[in-house]
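**Student:** next come a sequence and a model predicted from it.
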Amino acid sequence: MDLIVKDLAVIDDKLSQRHIDLDPGGYFIIYLDKDAGLIYAKHFTNVIDERGLAIDPETGKVIPAREKVERTYTTVFSARTAKELCVKIFEETQPSPVTQLDHAAYLGREFVRAEVALVTGQEYVQD
């Protein structure tokens, strides 16, 4: 079966709509510095409440998923490649800020997307 780009995009979009449990270890905001040739991942802590919502440990308020929120990050990781970033986060940082395998897999995918955007000069928007 030959899949074309359009078909792959439909599959990806559908999977992006599924429910995921949030990682109690926190979350990352990923962005590029094209001039420096670096991928950045800012790590933020959170607490997951009984409803499965992420709570800001400083304010006790729910962290909105689709709004810009000013929060203090705990760590900023940077690297030239997706693999280098994964090594820094998953192998060199103990304990790892990532506590769930699905979160680790998601980050790996996003880091590769960010690396491709960095190399090709495309815009990167985190999924």
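**Tutor:** Thanks, I have it.
**Student:** ranges for the strands of this structure?
**Tutor:** 27-33, 38-44, 47-48, 54-55, 75-79 (DSSP state E).
**Student:** so which of those comes closest to residue 124?
**Tutor:** Closest to residue 124 of the strands of the chain is strand 27-33 (CB to CB; 5.2 Å). Placement of C-beta: from N, CA and C, glycine included.
**Student:** contacting residues around the biggest helix by length in the chain?
**Tutor:** The single longest helix within the chain, with elements called by DSSP state H, is helix 101-120. For helix 101-120, the external contacting residues (CB atoms under 8 Å, 6 or more residues apart in numbering) are 20-21, 23, 25, 28, 30-32, 34, 37-39, 41, 81-82, 85-86, 89-90, 98, 122-124, 126-127.
**Student:** stretch 12-26 now?
**Tutor:** Outside stretch 12-26, the residues that reach it (CB under 8 Å, 6+ apart) are 43-48, 52-54, 74, 96-100, 102-103, 106, 127.
**Student:** can I have the buried ones of those residues as a PyMOL selection?
**Tutor:** To isolate the buried members of those in PyMOL, using 16 or more other CB atoms under 10 Å:
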select buried, resi 43+44+45+46+54+97+98+103+106
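**Student:** and the longest helix of the chain, what's buried?
**Tutor:** 103-104, 106-108, 110-115, 117-118.
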